[in-house]
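**Student:** Predicted coordinates and the sequence they were generated for:
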Amino acid sequence: MNAVIVYASQTGFTKKYAEWLAERTGGEAMEIKEAESKGAEYFDKYDAIVYGGWANTGKVVKSNWFTANMPRWKGKKLAIFCVGASLNGGSHIDDMMSKVLDEEQSKYAKAFYCQGGLSYEKLSLGSRLAMKAYAAIIKRNKTDNEADKKMAELISDSFDVSDPKYLEPIIEYLNK
Ligand SMILES: Cc1cc2nc3c(=O)[nH]c(=O)nc-3n(C[C@H](O)[C@H](O)[C@H](O)COP(=O)(O)O)c2cc1C
């Protein structure tokens, strides 16, 4: 498969997933900045175009680069994945992912979530402060959701819950 995996990553988790996916598909990983500089027509040569972005307050960073260009790429395998600190099964994932593609876009592309982690050391000061504030809210929330409870335990410090196995649903979709 001739695949390209474009990604936006602040602290490296999404980059790692993009590289794992490139390895598994025999494709190439490309940073969003490079992709933006090329223009949509450059990607016509690929059979599969995948976009990965990190989760920022319930949104997939730079996902509009992908969704705006998608109509041009109809007929190709199209997938978008989001990498966040929420653990798989976390209560806010479904809500976040349901907003990534609209009804029309969902007919010819698919959205996926991969749990990543948190790297406070690599965050900018602004992001670190925002994340600490978010962590305080999460730790106060009462919940019965096991993934949320586990995340509340982890969120005060850096953690890494990424694993290439979480790419399996994407690989299965691309190979269908
Ligand atoms: C300002 C900010 C907002 C975030 N918002 C979310 C969020 O809404 N949901 C989530 O699961 N993770 C959230 N995260 C965590 C990141 O998405 C997570 O650390 C991800 O693994 C980062 O990927 P990267 O290393 O590719 O940048 C947030 C992080 C920061 C700094």
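**Tutor:** Alright, I've got the coordinates. Bear in mind that the values here come from a model prediction, so they are computed numbers and not experimental data. Numbers count the residues shown, from 1 in each chain.

**Student:** what about the residue of the chain found nearest the ligand, how many residues close to it?
**Tutor:** Residue nearest to the ligand within the chain (CB to the nearest ligand atom): residue 84, separated by 2.4 Å. C-beta: built from backbone N, CA, C; applies to glycine. Residues lying near residue 84 (other CB atoms under 10 Å) number 26.

**Student:** So which residues of the chain form helices?
**Tutor:** For the chain, the helices defined by DSSP state H occupy 13-25, 32-38, 63-69, 93-98, 125-140, 146-154, 168-175.

**Student:** can you redo those as TSV with mean pLDDT and distance to residue 104?
**Tutor:** Shown next, in TSV, are those (pLDDT from 0 to 100; distance: least, CB to CB, whole Å):
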stretch	mean pLDDT	distance to residue 104
helix 13-25	98	25
helix 32-38	97	23
helix 63-69	97	10
helix 93-98	96	14
helix 125-140	90	32
helix 146-154	93	30
helix 168-175	98	18
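
**Student:** Tell me which of the ones you listed sits most buried.
**Tutor:** With neighbours defined as mean count of other CB atoms under 10 Å, the helices of the chain peak in mean count at helix 13-25, which reaches a mean of 22.

**Student:** ok, and does it reach over to the ligand?
**Tutor:** Yes - residues of helix 13-25 contacting the ligand under CB under 6 Å from any ligand atom: 13-15.

**Student:** tell me what that helix is packed against?
**Tutor:** For helix 13-25, the elements it packs on are strand 3-8, strand 28-31, strand 48-56, strand 77-84, helix 168-175, judged by 3 or more CB pairs under 8 Å, 6 or more residues apart in numbering; DSSP states H and E.
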